[in-house]
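Colleague: just a sequence and a predicted model for now, questions to come.
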Amino acid sequence: MLEVDGVRVPQQPRSRRTRAKLLEGAQRAFSELGYASATARVIAERAGVSAGSFYQYFRDKDAVLRELAVGRFQGIATRALAILDDDAEPPAADLERDARQRMAAVVEAVMAYHYEDPGLHQVLHERRAYDRELDHLTRQAEAALFEAIAGLLARWEHSGDHAATAFVLFGMVEGTIHAHCLGGPVVPDDRFVDALVDALVRVALPHRSPGS
């Protein structure tokens, strides 16, 4: 479980509602205004509460940003791990088809994750370089995915270094999808997905790639 320092979780229903409003206001502020302009006062205004109320629940705007990050990490991790950790063993003849289906499902889930709030995602991506705690939370979330990918490679009897290849596959997915969704796409989504899935399967199952 990922935990964030500098936050207070209230027990009373009214206080919980106020805290939830602050999280919603923070999400809108970071997404629409960026990190610098999303001050505690602006977040409180977006939430419809006083600026003083903000500090009753969060130490500063970095603490609320980290909590938003944890919520997003847990959401995509749940989706991705459900795909990767399904340990049903396909027949050997269907292994490549199984790999392609899983890779396509992961790619589509990660693309949806990037598209659902690109402004907030960009803030989290940029702030990771400056916020050690946010970077630590991100690494924790990534570690669970590395482990799941490595386990899948083992079940597929991948002949190479499972941990290293898992890291490469993760980087291919995250890096290319980030560039496609938040940068400047050079091809439509369907062509991008097909090309990325082809590349992932070639790395995951090199002995089954054409020409191998």
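Modeller: Cool, the structure landed. Numbers count the residues shown, from 1 in each chain.
Colleague: show me the shaky parts of this structure.
Modeller: Applying pLDDT under 70 to the chain picks out residues 1-11, 87-93, 208-212.
Colleague: ends of stretch 178-189, what's the gap?
Modeller: Separation of the first and last residues of stretch 178-189 by CA to CA, to the nearest Å is 13 Å.
Colleague: residues in contact with it?
Modeller: 111, 114-115, 118, 121-122, 125, 192, 195 (CB atoms under 8 Å, 6 or more residues apart in numbering). To be clear about C-beta, it is placed using only N, CA and C from the backbone, and glycine gets the same treatment.
Colleague: cool, stretch 39-57 as well?
Modeller: Outside stretch 39-57, the residues that reach it (CB under 8 Å, 6+ apart) are 7-8, 10, 15, 18-19, 21-22, 24-26, 28-29, 33, 58, 60-61, 64.
Colleague: ok, Leu84 touching Ala148?
Modeller: Yes. Using CB atoms under 8 Å, Leu84 makes contact with Ala148 at a distance of 4.1 Å.
Colleague: how many residues are close by Gly175?
Modeller: A count of nearby residues for Gly175, using other CB atoms under 10 Å, gives 10.
Colleague: buried residues in the host helix or strand of it?
Modeller: Taking DSSP states H and E as the criterion, Gly175 maps to helix 162-182. By neighbour count on 16 or more other CB atoms under 10 Å, the buried set for helix 162-182 is 162, 165-170, 172-174, 176-178, 180-181.
Colleague: now swap in stretch 64-83 and tell me
Modeller: 64-70, 72-73, 76-77, 79-81, 83.
Colleague: cool, stretch 101-118 as well?
Modeller: 102-111, 113-114, 117.
Colleague: equivalent analysis for stretch 24-36, please.
Modeller: Of the residues in stretch 24-36, those with enough neighbours to count as buried (16+ other CB under 10 Å) are 25-31, 33, 35.
Colleague: before we move on, the earlier item: could you point out which element follows the helix holding Gly175?
Modeller: helix 189-204.
Colleague: angle of that following helix against helix 162-182?
Modeller: Helix 189-204 and helix 162-182 are oriented at 170 degrees to each other (axes from the mean of the first three to the mean of the last three CA atoms, to 10 degrees).
Colleague: and helix 189-204, how far out from the chain middle?
Modeller: 19 Å (CA atoms, centre = their mean, to the nearest Å).
Colleague: re earlier: between the buried residues of stretch 64-83, which is closest to Ala204?
Modeller: The shortest approach to Ala204 among the buried residues of stretch 64-83 belongs to Ile83, at 13.5 Å (CB to CB).
Colleague: ok, the closest one - contacts?
Modeller: So Ile83 contacts 102, 105-106, 109 (CB under 8 Å, 6+ apart).
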